[in-house]
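Participant: Structure, please.
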Amino acid sequence: MSLSQFLLIQLLILLVCFTFQSTATKKNVLLILVDDLRHLSDEMVILPNVKKLVNEGANFKNAYTQQALCAPSRNSMLTGRRPDSLRLYDFYNYWRDKVGNFTTLPQFFKDNGYETYSIGKVFHPGISSNFTDDYPYSWSQQPYHPPTEKYKDAAVCKDEETKKLQSNLLCPVNVRHQPGGTLPDLQSLGHAVDFLSNRNSSRPFFLAVGFYKPHIPIKYPEEYLARIPINKVSPPRHPFMSPNTPLVSWHPWTDIRRRDDIARLNISFPFGTMPYEWSLKIRQNYYAAATYVDDLIGELLSYVDRRNTIVVLTSDHGWSLGENGLWAKYSNFDVALKVPLIFSAPGIHSRNIHTPVELVDIFPTLVDLSGLSHNIPKCNKLDKSLLCFEGKSLKPFMVDDYTTFGSHFAISQYPRPSVYPKKNSDKPRLKYIKIMGYSIKTKRFRYTEWVSFNNTLFTVDWNKLFGLELYDHLTDPDESNNLYLVHKYKNIKQYLSRLLRSHVNRYNTN
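Facilitator: The predicted structure is shown next:
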C-alpha cells in the first residue's frame, strides 16, 4: 500500500467517525399538533398528560397563532412566515407555486441529515400543500393519513332525539360500531407507536404527529363523556355579542349551524345565540374530546426516548366556546388565537412563561435547540430567500440564566368579505376578501384594526377603517368591553396602532 493510499483510507475513516459522532449527538424531534385545541390550562377540564409535559418543560402561557384557520395557520407555522408573506388566507394556494420556494421546518431538518415523517394532520390536506402534504420536499416518506378519516363527516352519530344516525356536531360514539371499528386518531397513534417501536436507523428523526380532534364534528369514544359531568361545566361568562363590538369582528359560525343536531335548533342568522343548555353540551363534549386526545398524547409519549428527544406540543389555533356569542375559530378574539405551546427536552427546566409569543417562533426555536443554527437571517420586507425566519427563537426563555428578553407581542390577522356578516364571513376565499383585521396582543392589551384589503395587489389601506377594538386584559380577559372610545386609553390606542402598523408593514411584501 502506498503512502497516499494509506492517508486516503485514514481520511475516510475520520470522515465516517465524524459523521457518526455528529449524527449520534443530534436530538430527535417530536412535534405534536392538536387540531382546534384552545388553551385549556386555566379551565375545569383536566388534561393530566399535557400537565405532565408542562411540569417537565417550558410552558408558554400566552402563545398565539397567526390566523385562526387551519391551512393558513399550519403553513405559517411550518414555514416560519406570516400569512401575508405566504399570501394564503384560505385553503387554495400553494406557496411554492404562488410566492416562493420557501423551506419548511421538516425540510430544514431533512436537509440537515434527519429522517422526517408525517402522521395524521400536519399540513392541511389539499391544494395548500400541493395535495401531497408537501412531499417530497418536507418528508422522507409519503405522509400517513388514517384510512377512516374519509368518514369524518359521515352520518355515524347516534342522535338521542331522532334515534337515527346523523351528521351531528356532538358525536360521542361506540368505537366498535364505527366504520373500520376504529377512529382516525387511534389509527394515527398506532402508526406512530409502530414507527417508534420498530424503527431501525442510526439517523435522527423529525416526527410530526397531528391529531384530528377536538376539531368538529366532535367525535370521540363515548366513555370520555362521563369524565366531564355536565353539572360541573360552566357556561361562558359573556354569552352574547357585546353592543360595542364592531360588526366586522362577528362571524356566524356557519359550519356549526349546518350540523344536523344544531340545524334543528333554527338559530337565527347571523346573530342568533346558542340556547343555554346547548352551550353547556357543546362545552362538555369539547372538553371530553380534549381528554381523549390527552390520553393519546400520553400513550404516544410513553414510547419516546425523552433523553434524546425534543418534544413540542401545540395547536393550529384556539376555539371559541360561546364567549361573546361566538363558536369555533374564524376571529381575532383571544380564545380563537391562543394555543398551548410546550417545549420539553434535555436541559430544559420546568417554567411558565407569560410573555406573548407566536407560532412562527417554533421553527427558529427548534433550529436553535437542535444546535443547527447557521446564521440564518431574519426575513425583511423584500426577502425572497428560501430560508429565513419571521419569528424568533424562544430558547433564551428556557435557559437557567434567563433574566429578561425585551418586550414582546404577538401579531395575528383574519380576513372578511364585508362588514356585515355573510355566509362566507367565516372562511372567505381570497377573491372575496375586502377587509383584513390585524390584531396585536401585548401582556395586557389586545388591539385590532379592520382595514381595507386589496386581494389582487395584497396591499392594505390603513386610512379605510371598518372597525377598531381595544381590550384591557387586566380588567376584561374575556374581551367583552371594547375600550377604543374611552378617553383614558387614548395614548395606549395610538401607541398600539403605530406598533401594529409598523410591524405589518415590515412583513408586507408590497
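Participant: what pLDDT does His374 get?
Facilitator: On the pLDDT scale, His374 is placed at 72.
Participant: what's the burial count for it?
Facilitator: Neighbouring residues of His374 were enumerated by other CB atoms under 10 Å; the total is 7. The C-beta positions use only the backbone N, C-alpha and C, and glycine is treated the same way.
Participant: Make sure it is indeed in a helix.
Facilitator: No - under DSSP: H, G, I helix; E, B strand; the rest coil, His374 falls outside any helix and is assigned coil.
Participant: so where's the protein uncertain?
Facilitator: Using pLDDT under 70 as the threshold, the predicted model of the chain has low-confidence ranges 1-24, 41-42, 375, 377-378, 380-385, 400-407, 508-510.
Participant: Run me through the strand neighbours of the longest strand along it, direction for each.
Facilitator: Across the chain, the longest stretch assigned as strand under DSSP state E is strand 459-472. Strand pairing for strand 459-472, determined by DSSP bridges: strand 445-454 (antiparallel).
Participant: Just the CA coordinates for the partner strand, please, in CSV.
Facilitator: Output for strand 445-454, consisting of C-alpha atoms alone and laid out as CSV, is shown next (Å, rounded to 0.1, in the frame of the first residue of the first chain):
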residue,chain,number,x,y,z
PHE,A,445,-53.9,44.6,25.9
ARG,A,446,-55.4,43.3,22.6
TYR,A,447,-55.8,45.9,19.9
THR,A,448,-57.3,45.2,16.5
GLU,A,449,-57.8,47.3,13.3
TRP,A,450,-60.1,46.2,10.5
VAL,A,451,-58.8,47.8,7.3
SER,A,452,-59.3,47.8,3.6
PHE,A,453,-57.5,45.0,1.8
ASN,A,454,-56.8,44.6,-1.9
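Participant: May I see the buried residues of that strand?
Facilitator: Residues of strand 445-454 classed as buried: Phe445, Arg446, Tyr447, Thr448, Glu449, Trp450, Val451, Phe453 (neighbour count, 16 or more other CB atoms under 10 Å).
Participant: Touching it from outside, list them.
Facilitator: Contact with strand 445-454 is made by 246, 248-249, 332, 334, 415-416, 433-440, 459-473, 479, 492-493, 496-497, 500-501, as judged by CB atoms under 8 Å, 6 or more residues apart in numbering.
Participant: Pull out the buried members of these.
Facilitator: Buried residues within the contacts of strand 445-454, defined by neighbour count using 16+ other CB under 10 Å: 246, 248-249, 332, 334, 415-416, 433-440, 460, 466-473, 479, 492-493, 496-497, 500-501.
Participant: any idea how far Val175 is from the residue nearest to Ile216 when sequence neighbours are not counted?
Facilitator: Distances taken as CB to CB, 6 or more residues apart in numbering place Leu169 nearest to Ile216, at 5.9 Å, with adjacent residues excluded. Applying CB to CB, to the nearest Å, one obtains 19 Å for the distance of Leu169 from Val175.
Participant: Compare those two (neighbour count), which wins?
Facilitator: Each of Leu169 and Val175 has its neighbours counted (other CB under 10 Å); Leu169 has more, 25 against 14.
Participant: what residues are up against that one?
Facilitator: Applying CB under 8 Å, 6+ apart, we find Leu169 in contact with Ile216, Pro217, Ile218, Ile256, Arg259, Asp261, Ile262, Ile282.
Participant: Same list, the residues you listed, but as TSV with distance to Asp295 and neighbour count please.
Facilitator: Putting the contacts of Leu169 into TSV (distance: CB to CB, whole Å; neighbours: other CB atoms under 10 Å) gives the following:
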residue	distance to Asp295	neighbour count
Ile216	20	25
Pro217	19	25
Ile218	16	25
Ile256	25	19
Arg259	25	20
Asp261	25	21
Ile262	27	21
Ile282	21	22
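Participant: and which of these is nearest Arg74?
Facilitator: Using CB to CB, Ile216 is the member of those that lies nearest Arg74, at 16.9 Å.
Participant: helix, strand or coil for His503?
Facilitator: For His503, the secondary structure call by three-state DSSP comes out as helix.
Participant: Please name the nearest non-neighbouring residue to it.
Facilitator: Nearest residue to His503 in three dimensions, chain neighbours excluded: Ile411, at 5.6 Å (CB to CB, 6+ apart).
Participant: Can you tell me how far that neighbour is from Leu500?
Facilitator: According to CB to CB, Ile411 and Leu500 sit 7 Å apart.
Participant: Any chance you could list residues touching both of those two?
Facilitator: Here Ile411 and Leu500 share the contacting residues Tyr438, Ser439, Ile440, scored by CB under 8 Å, 6+ apart.
Participant: Filter those residues down to the ones in helices?
Facilitator: Using DSSP state H to define helices, no part of those is located there.
Participant: Out of these, which comes closest to Ile46?
Facilitator: Nearest to Ile46 out of the shared contacts of Ile411 and Leu500 is Ser439 (CB to CB; 30.4 Å).
Participant: one step back: take the contacts of Leu169 and write them to CSV, including secondary structure and distance to Thr182.
Facilitator: As requested, the contacts of Leu169 are arranged in CSV below (DSSP: H, G, I helix; E, B strand; the rest coil; distance: CB to CB, whole Å):
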residue, secondary structure, distance to Thr182
Ile216, coil, 19
Pro217, coil, 16
Ile218, strand, 17
Ile256, helix, 26
Arg259, coil, 22
Asp261, helix, 23
Ile262, helix, 26
Ile282, helix, 25
